[in-house]
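Peer 1: just need the structure, nothing else, for what follows:
(one chain, ligands or ions: 1)
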Amino acid sequence: MTLRQALAQAATLGVARLDAQLLLLHVLGRPAVDRAWLIAHDEDVLADPQLRQFEGLCRRRGDGEPVAYLTGEKEFFGLQLAVDARVLVPRPDTETLVEWALDVVRDLAAPRIVDLGTGSGAIALAIQAARPDAQLEGVDRSADSLAVAAGNARRLGLPVAFRHGDWLAGAGTYDLVVSNPPYVAAADPHLQSLRHEPLSALAAGPDGLDDLRAIVAAAPAHLRPGGWLLLEHGHDQADAVRGLLAAAGFAAVASRDDLAGIARCSGGRRLELG
Ligand code: GLN
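Peer 2: Coordinates of the predicted model:
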């Protein structure tokens, strides 16, 4: 079977064209950026073992497994991260949070930053890559996810310190606390389409705000005066999260839009004292 025929067969299994191309490149041992190569070689013959492997991956994709789990990698903020079912797949929307984080520490030398619920390490590693002088910590309550994050830090040569813990318990004082915590409501039907990813990284109580509330409550004691708390949240939670931040005494409370133009992160600044 040719590469072109294999891709056509994937379409009949309900696999989107881009996904099929990424899976085929993976089977061929070629990088994800090689889609032009695939098109130029579409009459090449796919050997039987590779065809069987490709068909197996297409079936799993058809069952809803993220492409990133099937290929074992995901690009985030220009970094190639290893991912598997122990961690949430980093989303491009979260790059908005990283950009905001880099903005608020732009004028600070060696800023102290903690990423809560770091998962694959995506946010902490992206900030560290852009700011080699920053002192980054990544915290997660899943020891499994920390193994993935530490592997990514090692491969990328980035000195993020990963720590097992529950949000800010036992943490120090920071210039920036950043987090993409679980924020999906426990009964949200959307969770069904995310069933291959860890529920503990997604669901957060009846209204999805349990973890956001806990972080907003804990953060002021761990921010130096003038320090920032920046949070990702769901598409319909911006008002609620800004409300939580204001009620906790944060100043300069604002939201930023994701790539689709939806307010998907909110943050605020701990007031200077005195
Ligand atoms: N962005 C994820 C989604 O697809 C949720 C991530 C999270 O809960 N932090 O809904």
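Peer 1: quick one, strands of this protein?
Peer 2: With DSSP state E as the criterion, the chain has strands at 73-76, 79-82, 112-116, 135-140, 161-164, 174-179, 223-232, 251-257, 263-269.
Peer 1: just the angle between the third one and strand 223-232, please?
Peer 2: With axes from the mean of the first three to the mean of the last three CA atoms, to 10 degrees as the basis, strand 112-116 and strand 223-232 are set at 40 degrees to each other.
Peer 1: same question for the fourth one.
Peer 2: Relative orientation of strand 135-140 with respect to strand 223-232: 50 degrees, computed using the same axes, to 10 degrees.
Peer 1: pull the contacting residues for the residue most central in space within the chain.
Peer 2: Central residue check for the chain by CA atoms, centre = their mean: the C-alpha nearest the mean position is that of residue 90, 2.8 Å away. Counting by CB atoms under 8 Å, 6 or more residues apart in numbering, residue 90 makes contact with 74, 76, 81, 83, 119, 120, 122. From N, CA and C alone the C-beta is placed, and that goes for glycine too.
Peer 1: closest to residue 17 out of the strands of the chain?
Peer 2: When the strands of the chain are compared by CB to CB, strand 73-76 sits nearest residue 17, at 18.4 Å.
Peer 1: for residue 62, give me its contacts.
Peer 2: If you count contacts by CB under 8 Å, 6+ apart, residue 62 has them with 13, 14, 15.
Peer 1: buried subset of the contacts of residue 90?
Peer 2: Among the contacts of residue 90, the ones that count as buried by 16 or more other CB atoms under 10 Å are 74, 76, 81, 83, 119, 120, 122.
Peer 1: run a quick neighbour tally on residue 270.
Peer 2: For residue 270, the count of nearby residues is 23 (other CB atoms under 10 Å).
Peer 1: and it, what's its pLDDT?
Peer 2: Note on residue 270: pLDDT of 96.
Peer 1: excluding covalently adjacent residues, which one is nearest to it?
Peer 2: Leaving out its chain neighbours, the residue that sits closest to residue 270 by CB to CB, 6 or more residues apart in numbering is residue 223, at 4.2 Å.
Peer 1: my read is that that neighbour contacts residue 215, right?
Peer 2: No. Residue 223 lies out of contact with residue 215 (CB atoms under 8 Å); the separation is 11.4 Å.
Peer 1: mutual contacts of those two, please.
Peer 2: Taking CB under 8 Å, 6+ apart as the contact rule, residue 223 and residue 215 both touch 177, 229.
Peer 1: spell out which residues of the chain are next to the ligand.
Peer 2: Neighbours of the ligand within the chain, by CB under 6 Å from any ligand atom: 91, 180, 182, 183, 184, 194, 202.
Peer 1: alright, I will stop here.
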